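K.L.:
return a 3D structure for these sequence lines:
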Amino acid sequence: MASRKDFIDLVAPIAVKLRLEGSPIFPSVRISQALLETGGKINAWNNLVGYKVGNGVLTPYWRGDRVSARTWEFINGQNVTNVIGDFRAYASIEDGFRDQDLLFQATRYAAVRSAGSPQAQTTALQQSGYATDPAYTSKLNAIIVTEGLTFFDEEVIRMLEKLQEQIAALNERVQSLEEQTALTVIPAWAKPGIDAAVKAGLIDTPEKGSYDFYRLITVLHRKGII
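P.N.:
Model prediction:
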C-alpha cells in the first residue's frame with residue numbers, strides 16, 4: 001500500500017513542473033488539495049482534485065471520459081454523505097492538473113490566480129466556491145504545515161534562480177567567444193576586399209570583424225561582386 005510520502009513523491013514533481021511553466025497554483029497548495037480530495041490514494045481516473053464533469057465542455061486535456069463515484073457535500077449547513085458525483089477522468093495526473101488550470105482561468109477564480117502566498121490561495125479557493133466544505137481552507141493549510149509542503153514552493157524559486165544563473169553564465173560565454181573570434185587587425189590578404197567594400201559604402205567599421213567576416217568579403221571581392 002502506498003504511503004503519503006509515496007503520494008507526495010509522485011505528485012510533487014508534476015506540481016513543481018507546472019508552476020515553473022506558469023501555473024498560478026503553488027505546488028504546496030496543489031499537493032495539499034490532492035491529498036485532501038483523495039486521502040492520499042491515486043484513483044484510477046487520475047482526477048486528484050475532485051474536478052466534476054460540470055458543463056461537459058471538452059478541453060485539450062479532458063476528452064469526455066467520466067466516472068461516477070460516491071462523495072459528500074456540505075449542503076444547507078449539513079454534511080450529506082453518499083452523494084453520487086460525476087467526475088472527469090484523465091489519461092494522466094498531469095492532464096488532470098492542466099485541465100484544472102484551465103478552470104482557474106475563469107473570472108470567479110481571479111483571486112486564486114493573483115494570490116501571493118499559499119495561505120492566500122487556499123483562502124481564495126474556498127471563497128471562490130471551489131468546494132462546499134466550510135473548513136476547506138483550514139484543512140488545506142493544516143496539510144501544508146504537517147507535510148512541510150512549502151518546501152516545494154521554495155524549490156521552484158531555487159530552480160528559477162539556478163536557471164537564471166545558467167543563462168547569465170551562458171551569455172558571458174557567448175560574449176567571450178565573440179570577443180575571441182573578433183580580429184583587431186585587418187589581415188593583409190583581406191585588405192583589398194575591405195578597401196573595396198568601404199569605398200562602395202557597404203561597411204563603415206572594417207577594423208571590427210571576425211575571421212569569417214574577412215574571408216567572406218575577400219571571396220566577394222575576388223569574384224568581382226564588390
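K.L.:
could you point out which element follows the lowest-mean-pLDDT helix or strand in the chain?
P.N.:
Using mean pLDDT, DSSP states H and E, the weakest-scoring helix or strand in the chain turns out to be strand 182-183, at a mean of 61. Once strand 182-183 ends, the next helix or strand along the chain (criterion: DSSP states H and E) is helix 191-199.
K.L.:
so the nearest residue in space to residue 58 that is not next to it in sequence, which of the three states?
P.N.:
Distances taken as CB to CB, 6 or more residues apart in numbering put residue 64 closest to residue 58, at 5.7 Å, once the chain neighbours are dropped. C-beta coordinates here come from the backbone N, C-alpha and C atoms, glycine included. Secondary structure state of residue 64, per DSSP: H, G, I helix; E, B strand; the rest coil, is coil.
K.L.:
tell me which helix or strand residue 67 sits in.
P.N.:
Counting by DSSP H and E, residue 67 is part of strand 66-75.
K.L.:
residues near the closest residue to residue 131 other than its chain neighbours, how many?
P.N.:
Using CB to CB, 6+ apart and skipping the chain neighbours, the partner closest in space to residue 131 is residue 125 (7.0 Å). The number of residues packed near residue 125 is 22, by other CB atoms under 10 Å.
K.L.:
residues touching whichever strand or helix holds residue 125, excluding its own?
P.N.:
Using DSSP H and E, the element containing residue 125 is helix 118-127. Contacts of helix 118-127 with the rest of the structure, by CB atoms under 8 Å, 6 or more residues apart in numbering, involve 25-26, 28-29, 32-33, 109, 111-112, 115, 131, 133-134, 136-137, 140-141, 144, 149-150, 153.
K.L.:
selecting buried members of the residues you listed in ChimeraX, what would you type?
P.N.:
Written as a ChimeraX command, the selection of buried residues from the contacts of helix 118-127, which uses 16 or more other CB atoms under 10 Å, is:
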select :25,26,28,29,32,33,109,112,115,131,133,136,137,140,141,144,149,150,153
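K.L.:
residues contacting residue 89?
P.N.:
Contacts for residue 89 (CB under 8 Å, 6+ apart) come out as 45, 46, 47, 65, 66, 67.
K.L.:
tell me the two of the residues you listed that are most distant?
P.N.:
Between any two of those, the greatest separation by CB to CB is 12.3 Å, found for 46 and 66.
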